[in-house]
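Participant: Using only what follows, build the 3D model:
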Amino acid sequence: MSKTFLFLLLFTTLTCAKVYKQFTADEIEKLINDKSVYLVDTRNPPKIIKKGIIPNSIVISLREKYNSTLRSLINSNDKIILLTDKKKFNLTLSYTEKLGFTNVLGYFMIKDWKKPFNQISKIKLTRKKLKQITHQYELIDVREKGKQQKKGNVKKSVNIPLSEFKANINKIDRNKINYFMSGKGFKSMTAVSYLLREGYDINKLSYVVGGYKKAREKIMRKKKRQDL
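Facilitator: The predicted model follows:
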């Protein structure tokens with residue numbers, strides 16, 4: 001293969017590659033209430049827990065089956081801005097494009113956000129807290145049905161899998177205090193952030209830290225399967 005051909009191939013690749021816009025904090029602030037644009041926060045969950053989220057953004061962790069979660073909540077032609085940190089935009093973009101999402105507008109570096117973050121309320125599930133929640137509030141389990149049945153259930157919880165969440169959002173009472181639980185806690189953060197974008201009261205939404213896995217370890221420690 002000649003050097004000339006390699007040069008032309010490289011030149012063609014570089015010139016054809018799409019250049020993505022890096023949004024400023026002021027631009028993101030103007031888009032926060034624009035429901036035609038999805039602000040997708042792809043940071044690792046520990047960073048989100050520590051700092052919080054930009055208002056009306058949706059948490060979709062790359063660690064937690066990004067493909068199925070993104071597809072279940074956002075249509076392939078919807079406008080997306082990826083919220084990221086450091087140099088993870090290219091990785092996130094590659095995942096997003098492979099899934100057929102064709103309308104990525106660009107990205108925003110979280111470190112440039114100087115306004116207040118939304119802190120998602122969270123709890124650690126103890127036996128006492130579990131009893132209080134299931135008697136007074138709504139506990140919504142967003143795990144998929146197969147995994148839920150295999151590992152156990154929380155009695156009196158309502159199962160709305162994240163893959164069916166968008167279609168069943170009206171089943172979640174806006175006037176009640178709702179607690180959300182997933183396998184390890186990450187997807188329940190996604191559920192809460194999605195509801196916040198849809199206008200639910202932040203004071204009535206909370207997620208279980210560590211999810212069902214951590215709750216089972218704390219409350220029931222012996223058997224493989226446990227119904228709490």
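Participant: So which bits of stretch 132-142 are buried?
Facilitator: Of the residues in stretch 132-142, those scored as buried under the neighbour-count criterion (16 or more other C-beta atoms under 10 Å) are Ile133, Thr134, Glu138, Leu139, Ile140, Asp141, Val142. C-beta here means a position set from N, CA and C on the backbone, and glycine is covered the same way.
Participant: I misspoke; the intended subject was stretch 110-123.
Facilitator: Ile110, Trp113, Ile120, Lys122.
Participant: Also stretch 157-167?
Facilitator: Ser157, Ile160, Pro161, Leu162, Ser163, Phe165.
Participant: farthest-separated two in those residues?
Facilitator: The widest separation within the buried residues of stretch 157-167, taken as C-beta to C-beta, falls between Ser157 and Ser163 and amounts to 17.1 Å.
Participant: Excluding residues flanking it in the chain, which one is nearest Arg197?
Facilitator: Asn56 (4.8 Å; C-beta to C-beta, 6 or more residues apart in numbering).
Participant: So which of the buried residues of stretch 110-123 are in strands?
Facilitator: In strands, defined here by DSSP state E, the members of these are Lys122.
Participant: How is the protein divided into domains?
Facilitator: The chain breaks down into these domains under automatic domain parsing: 20-112, 121-219.
Participant: want to try CSV for these, with mean pLDDT as columns?
Facilitator: Shown next, in CSV, are those (pLDDT from 0 to 100):
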stretch, mean pLDDT
domain 20-112, 89
domain 121-219, 89
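Participant: so how far does stretch 157-172 reach from one end to the other?
Facilitator: Stretch 157-172 has its terminal residues 12 Å apart, counting by C-alpha to C-alpha, to the nearest Å.
Participant: Run through who's touching that stretch.
Facilitator: Stretch 157-172 is contacted by residues 68-69, 72-73, 134, 138-145, 148, 153, 178, 181-182, 187, 190-191, 194-195, 198, 200 when judged by C-beta atoms under 8 Å, 6 or more residues apart in numbering.
Participant: if I pick Ala25, what's in contact with it?
Facilitator: Ala25 makes contact with Phe108, Asp112, Trp113, Lys114, Lys115 under the criterion C-beta under 8 Å, 6+ apart.
Participant: cutoff 7 Å now
Facilitator: Contact criterion C-beta atoms under 7 Å, 6 or more residues apart in numbering gives Asp112, Trp113, Lys114 as the residues in contact with Ala25.
Participant: Could you do Arg174 as well?
Facilitator: Counting by C-beta under 7 Å, 6+ apart, Arg174 has contacts Tyr200, Asp201.
Participant: Check the gap between it and Ile120 for me.
Facilitator: Between Arg174 and Ile120 the distance, using C-beta to C-beta, to the nearest Å, works out to 17 Å.
Participant: Nearest to Val40 among the buried residues of stretch 132-142?
Facilitator: Minimum separation from Val40 among these (C-beta to C-beta) is found for Val142, which lies at 17.7 Å.
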